[in-house]
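Chemist: okay, predicted coordinates and the sequence, questions at the end:
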Amino acid sequence: SFGVDLGGAIGALPVPTPGGRNTEVVMGDLSSVRFSRKRSLCESPFRLVLVHESPSSVICFTTDGTVPIPATGQRYLRPISIASTTVVRATAFQKRMRRSPVSTHTYIFPTSVTDQPQEPAGFPDKWDSLTADYAMDPRITQDTAYQADLLQGLRTIPTMSISMPQTDLFGPNGIYSHPM
């Protein structure tokens, strides 16, 4: 979108505002936030550093699957401690620039996958008419005959992380409830 902002500047606008008040003109696009560690399967806790090439930019991040924005994300000030399976989403903001694309990295700890609760906080307790069950079967995860193979299997099986707000997945119009 192209127009005149409230201060009279002419140029590109970050979002179209048909029939509404224009936002601030932007002078360019910010590059993606860089993560000090690639998305991965993890064996031990670490500290994650987020960096942006522009020192005057502000980095915001979330760990709940939502898109990071200044109003709802956390402002990045120091390395983030990662000690269990975590999805980190980050974006950079700078005055008169279009925000950076959202970067998402997932860090999966196989041992926390085997210990995940049957009813995690914030997740629905029913799948349609069925009782939800998010946990792996403790008859397998707690049996010493299977533990080594189970963890090795979790490390070798192809894995894909899908990150989104829980309501977009499980909400009344979420893709889990309405797959087609």
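Modeler: Noted; the coordinates are in hand.

Chemist: other SSEs contacting the longest helix anywhere in the chain?
Modeler: Assignment by DSSP state H gives helix 144-156 as the longest helix of the chain. Counting contacts by 3 or more Cβ pairs under 8 Å, 6 or more residues apart in numbering; DSSP states H and E, helix 144-156 packs against helix 110-114, helix 138-141. The C-beta positions use only the backbone N, C-alpha and C, and glycine is treated the same way.

Chemist: let's go with 10 Å and repeat that
Modeler: Counting contacts by 3 or more Cβ pairs under 10 Å, 6 or more residues apart in numbering; DSSP states H and E, helix 144-156 packs against strand 40-41, helix 110-114, helix 138-141.

Chemist: out of the ones you listed, flag the one nearest Gly153.
Modeler: Smallest distance to Gly153 across the helices and strands packed on helix 144-156 (Cβ to Cβ): 8.9 Å, for helix 110-114.

Chemist: pull out the buried residues from the longest helix of the chain.
Modeler: Neighbour counts over helix 144-156 (16 or more other Cβ atoms under 10 Å) mark Leu150, Leu151, Leu154 as buried.

Chemist: nearest residue to Phe46 in space, please, no chain neighbours.
Modeler: Leaving aside its sequence neighbours, Phe46 sits nearest to Ile82 (Cβ to Cβ, 6 or more residues apart in numbering; 5.6 Å).

Chemist: on that earlier part again, now distance to Lys126 and pLDDT too, for the buried residues of helix 144-156, in CSV please.
Modeler: Listed next are the buried residues of helix 144-156 as CSV, based on distance: Cβ to Cβ, whole Å; pLDDT from 0 to 100:
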residue, distance to Lys126, pLDDT
Leu150, 27, 91
Leu151, 30, 87
Leu154, 27, 90
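
Chemist: which of these lies closest to Thr104?
Modeler: Leu154 (20.7 Å).

Chemist: identify the residues contacting the closest one.
Modeler: By Cβ atoms under 10 Å, 6 or more residues apart in numbering, the residues touching Leu154 are Leu41, Ile108, Phe109, Pro110, Thr111, Val113, Thr114, Met136.

Chemist: about what we covered before: turn the buried residues of helix 144-156 into a markdown table, including distance to Arg75.
Modeler: A markdown table is the format used below for the buried residues of helix 144-156 (distance: Cβ to Cβ, whole Å):
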| residue | distance to Arg75 |
| --- | --- |
| Leu150 | 39 |
| Leu151 | 36 |
| Leu154 | 34 |
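
Chemist: tell me which stretches of the protein form strands.
Modeler: Along the chain, counting by DSSP state E, strands occupy 2-4, 10-12, 34-35, 40-41, 46-48, 50-51, 58-62, 74-75, 80-82, 86-93, 103-108, 126-127, 130-131.
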